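**Student:** The sequence and its predicted three-dimensional model are supplied below.
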Amino acid sequence: MKNFFNTDDILPKYDVVILGAGPAGCAAALYTARDDLSAIIFEKNYPGGNVAITEMVENYPGIDVGITGSDLANKFFSQAVKFGAQVRYGVCQKVELEDDYKIITLEDGRRVMAKALIIATGSRPKRINVPGEAKFIGRGVSFCATCDGGFFKDREVIVLGGGNSALEEGMYLTRFASKVTIIHRRDSFRASKIVQKRAFSNDRIKFIMDASVIEILGEEKLTGVKIRNAKTGEESVVNADGVFIFVGYDANTDTFKDLLELTPDGFIKAGETTETSVPGIFAAGDVRKKELMQIITAAADGAVAAKMAEKYVTEIDANER
């Protein structure tokens, strides 16, 4: 990853700038590189985005034996680089419009110009915003079982959520924890049937349905959660050493809220063409509002955004001639 953090060879102008090196960003870089466009990805953390911290991926076409999220992320990244994509560290602070160019200002003050901009900044785990959550983040509250599961060997943990992530990460945590309690605010899970079947058959997992966490408890260390039953209103305490939260995601769009049209919940408004409210700016992956947010749809978005960006750049070049 040494050249990933190399910031010495950034040029002032590109055909396309891509923000984010997750599946969408890497796919966009792969397609722009193959189309011989000058393009660069800026990534603020590590290639792969949320995929890189996923324990196992079993539903990506062509990989029928499963693959760790980090390995799949590395494959995305390596393939994009193989075809000539540039990937550099950088945090976008501001985007401005100047004639046919988008001016991207990075956190360290560097400015890069591009004819087209592909936003693939993804999303971040959503918080539940209850007393005690902020206090114990990194001290018992986690949003990543793969990252922090090992700290809870032979301890009891709670998982919050009802989708695939919650159940899959709950099963992963049984490798370490003596007991995993999954708490869900509804009476049924949103997770796929096959994932539910696996979770229900795991004798180290307990389920509490129709309940919401209203407080995370503890003084010096986390001791459990207070929950409220959705039907009866009854409150009770569930003891635990750790709480893992998987209740959805918030889009990483704070930088673009004054530039682009967003949905009420903060995602970028963009259709299947990935075109946003500003010509020449495209949104790909989990940052775009859509029905299905999966690795495969993010990668597809990246390919579409790259082809739309190519079309846009070609039109600008033709007008300049």
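**Tutor:** Now that the structure is in, tell me what you want to look at. Residues are numbered from 1 along each chain as shown.

**Student:** how about the longest helix seen in the chain: buried residues?
**Tutor:** Identified as the longest helix of the chain according to DSSP state H is helix 295-320. With burial defined by 16 or more other C-beta atoms under 10 Å, the residues of helix 295-320 counted as buried are 295, 297-310, 312-313, 316. All C-beta atoms are positioned from the backbone trio N, CA, C, and that covers glycine.

**Student:** Can you pull out the low-pLDDT segments for the stretch 1-150 of the chain?
**Tutor:** By pLDDT under 70, the low-scoring segments of the stretch 1-150 of the chain are 1-9.

**Student:** what do you get if the cut-off is 50, keeping everything else the same?
**Tutor:** Within the stretch 1-150 of the chain, the segments meeting pLDDT under 50 span 1-3, 5-7.

**Student:** Helices along that one, start to end?
**Tutor:** 23-34, 69-82, 133-136, 145-148 (DSSP state H, counting those that start in this stretch).

**Student:** Show me which of the ones you listed has the highest average neighbour count.
**Tutor:** Among those, helix 23-34 has the highest mean neighbour count (mean count of other C-beta atoms under 10 Å), at a mean of 29.

**Student:** May I have that one as PDB, with CA atoms only?
**Tutor:** The C-alpha trace of helix 23-34 is given here as PDB (Å, rounded to 0.1, in the frame of the first residue of the first chain):
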ATOM      1  CA  PRO A  23     -16.300  -1.000  -4.900                       C
ATOM      2  CA  ALA A  24     -17.900   2.000  -6.700                       C
ATOM      3  CA  GLY A  25     -14.800   4.100  -6.800                       C
ATOM      4  CA  CYS A  26     -12.500   1.200  -7.900                       C
ATOM      5  CA  ALA A  27     -15.000   0.100 -10.600                       C
ATOM      6  CA  ALA A  28     -15.100   3.700 -11.800                       C
ATOM      7  CA  ALA A  29     -11.300   3.900 -11.900                       C
ATOM      8  CA  LEU A  30     -11.100   0.600 -13.700                       C
ATOM      9  CA  TYR A  31     -13.500   1.800 -16.500                       C
ATOM     10  CA  THR A  32     -12.000   5.300 -16.800                       C
ATOM     11  CA  ALA A  33      -8.500   3.800 -17.000                       C
ATOM     12  CA  ARG A  34      -9.500   1.400 -19.700                       C
END
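
**Student:** who does it touch, helix- and strand-wise?
**Tutor:** strand 13-19, strand 39-43, helix 69-82, helix 295-320 (3 or more C-beta pairs under 8 Å, 6 or more residues apart in numbering; DSSP states H and E).

**Student:** who touches the second one?
**Tutor:** Meaning strand 39-43. Contacts of strand 39-43 with the rest of the structure, by C-beta atoms under 8 Å, 6 or more residues apart in numbering, involve 4, 10-11, 14-21, 25-26, 28-29, 32-33, 80, 85-92, 104, 106, 112.

**Student:** Pull up the pairing partners for it, direction included.
**Tutor:** Sheet pairing of strand 39-43 (DSSP bridges) gives strand 13-19 (parallel), strand 86-89 (parallel).

**Student:** Quickly compare these and say which is most buried.
**Tutor:** Highest mean neighbour count among those (mean count of other C-beta under 10 Å): strand 13-19, a mean of 25.

**Student:** Could I get the full set of strands for the stretch 51-200 of the chain?
**Tutor:** Secondary structure of the stretch 51-200 of the chain by DSSP state E, counting those that start in this stretch: the strands cover 86-89, 92-98, 101-106, 111-119, 123-125, 141-142, 156-160, 179-183.

**Student:** possible to save these as TSV with distance to residue 56?
**Tutor:** As requested, the strands of the stretch 51-200 of the chain are exported to TSV (distance: least, C-beta to C-beta, whole Å):
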stretch	distance to residue 56
strand 86-89	25
strand 92-98	31
strand 101-106	34
strand 111-119	28
strand 123-125	18
strand 141-142	18
strand 156-160	16
strand 179-183	17
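
**Student:** Nearest to residue 207 among those would be which one?
**Tutor:** Minimum separation from residue 207 across the strands of the stretch 51-200 of the chain (C-beta to C-beta) falls at strand 179-183, 5.3 Å.

**Student:** Packing partners of that closest one?
**Tutor:** Using 3+ C-beta pairs under 8 Å, 6+ apart, strand 179-183 sits against strand 156-160, helix 164-173, strand 205-208, strand 211-218.

**Student:** Residue 58: how many residues sit nearby?
**Tutor:** 12 (other C-beta atoms under 10 Å).

**Student:** Skip the chain neighbours and tell me the closest residue to it.
**Tutor:** residue 66 (4.5 Å; C-beta to C-beta, 6 or more residues apart in numbering).

**Student:** so that neighbour makes contact with residue 55?
**Tutor:** No: if you go by C-beta atoms under 8 Å, residue 66 and residue 55 don't touch, sitting 9.9 Å apart.
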